[in-house]
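**Student:** Can you look at this prediction? I've put the sequence above it.
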Amino acid sequence: MLVAAAVCPCPPLLVPDVAAGAAPELDAARAAVTDALGVLAASRPDLLVVVGPAEKSGRGVHPEGTRGSFSGFGVDLDVSLGRPDAGDANRDTDGEGSGSPERELPPSLSVAAWLLERTGWSDAPVEGLGVGEPLEAERCVETGAQIGGRAGRVALLVMGDASACRTLKAPGYLDERAVAFDAEVARALGAADLAALKALDIDLAYELKAAGRAPWQVLAGAAEGAGLGGALLYDDAPYGVGYLVAAWS
């Protein structure tokens, strides 16, 4: 059963080496994320599942020890999901198993791996799941329900940004619908409102470039019947992108 969840944004800019001189601009977001991860640790889970948006090559399960890299963002920085040596045990005899280094973490899960390393996570085994932006709400909810039944005490780290259309300079340009969309997501995450998360408009989320929609709906499925309460820890839109941090316990 799900015992705790942390919802975090997933821009590579959260990693100071990537942000470089702009790193201080997200200090408040990093502090909120640290608080949210503290809620996960306090829940003493048997299993931590990290869920984040992914392109086709990064979708599916990523076992503990899977490696990620920020080289695509011009930074010589590698990370691993959970214990770095776990990937060796996940490979088959031909080196082509699911833990093979050829299959890297998608960027959202690489950010999550960096966050876990930064906070010294060692409380439970970790597994990653990359989900595609087009995944239907029903499938997201079903996937979440399956995750919630994986262990007696399951925690979720849910990565994903809100809209990318809050300003003229935002990646998706300015869309007047973005503010209302982000406000409803923030309210739902802060209130642990499962019905509202399940009801998020897939088409609107796609048009607003809200990469967190599918992971949030996975969370809603996992939390069904768990009776968790929520707290919104951060809500801002630097660079015109909605970044939200919430903790459920």
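**Tutor:** Looks like it arrived, so ask away. If you're wondering where the values come from, they're calculated on a predicted model, not measured in any experiment. Numbers count the residues shown, from 1 in each chain.

**Student:** Need the residue closest to the centroid of the protein.
**Tutor:** In the chain, the residue lying closest to the centroid (Cα atoms, centre = their mean) is M159, at 1.2 Å.

**Student:** right, and that one touches W216 too?
**Tutor:** No - counting by Cβ atoms under 8 Å, M159 sits too far from W216 to count as a contact (10.1 Å). Placement of C-beta: from N, CA and C, glycine included.

**Student:** next one: phi and psi at the residue nearest to the centre of the chain?
**Tutor:** M159 adopts backbone torsions of phi -100, psi 140, taken as degrees, to the nearest 10.

**Student:** Name whatever forms a beta bridge with it.
**Tutor:** Bridge pairing for M159 (DSSP bridges) gives the partners C8.

**Student:** How about the contacts made by it?
**Tutor:** The contact partners of M159, taken as Cβ atoms under 8 Å, 6 or more residues apart in numbering, are 8-10, 50-53, 108-109, 111-112, 212, 215.

**Student:** Was I right to think D85 contacts E64?
**Tutor:** No - counting by Cβ under 8 Å, D85 stays clear of E64, with 9.5 Å between them.

**Student:** Looking only at neighbour counts, state which of these two leads.
**Tutor:** E64 (23 against 10; other Cβ atoms under 10 Å).

**Student:** Which of the contacts of M159 sits closest to G225?
**Tutor:** V51 (18.4 Å; Cβ to Cβ).

**Student:** what about the closest one, which SS state?
**Tutor:** With DSSP: H, G, I helix; E, B strand; the rest coil as the basis, V51 sits in strand.

**Student:** tell me the contacts of it?
**Tutor:** V51 neighbours (Cβ under 8 Å, 6+ apart): G128, L129, V131, I147, L156, L157, V158, M159, P215, V218, L219.

**Student:** would you list those in a markdown table and tack on secondary structure?
**Tutor:** Compiled in a markdown table, the contacts of V51 are given as follows (three-state DSSP):
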| residue | secondary structure |
| --- | --- |
| G128 | strand |
| L129 | strand |
| V131 | strand |
| I147 | helix |
| L156 | strand |
| L157 | strand |
| V158 | strand |
| M159 | strand |
| P215 | helix |
| V218 | helix |
| L219 | helix |
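
**Student:** So which residues of the protein form helices?
**Tutor:** In the chain, helices defined by DSSP state H lie at 16-19, 27-42, 86-90, 107-118, 137-148, 178-191, 194-198, 202-207, 213-222, listed in chain order.

**Student:** what about L174, distance to R166?
**Tutor:** Distance of L174 to R166, given as Cβ to Cβ, to the nearest Å: 7 Å.

**Student:** Just want to know which of those two has more residues nearby.
**Tutor:** A count of neighbours by other Cβ under 10 Å puts R166 above the other of L174 and R166, at 25 against 12.

**Student:** Show the pLDDT at the more buried one.
**Tutor:** pLDDT recorded at R166 is 98.

**Student:** Please export the C-alpha coordinates of stretch 193-207 as PDB.
**Tutor:** Below are the C-alpha coordinates for stretch 193-207, written out as PDB (Å, rounded to 0.1, in the frame of the first residue of the first chain):
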ATOM      1  CA  ASP A 193      -7.600  15.200  -4.500                       C
ATOM      2  CA  LEU A 194      -7.500  11.900  -6.400                       C
ATOM      3  CA  ALA A 195     -10.600  12.500  -8.400                       C
ATOM      4  CA  ALA A 196      -9.300  15.900  -9.700                       C
ATOM      5  CA  LEU A 197      -6.000  14.400 -10.700                       C
ATOM      6  CA  LYS A 198      -7.700  11.500 -12.500                       C
ATOM      7  CA  ALA A 199     -10.000  14.000 -14.300                       C
ATOM      8  CA  LEU A 200      -7.100  16.200 -15.700                       C
ATOM      9  CA  ASP A 201      -7.700  16.900 -19.400                       C
ATOM     10  CA  ILE A 202      -5.200  15.000 -21.400                       C
ATOM     11  CA  ASP A 203      -5.500  17.100 -24.500                       C
ATOM     12  CA  LEU A 204      -5.200  20.400 -22.600                       C
ATOM     13  CA  ALA A 205      -2.200  19.100 -20.700                       C
ATOM     14  CA  TYR A 206      -0.600  18.100 -24.000                       C
ATOM     15  CA  GLU A 207      -1.300  21.500 -25.500                       C
END
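
**Student:** Nothing else from me, thank you.
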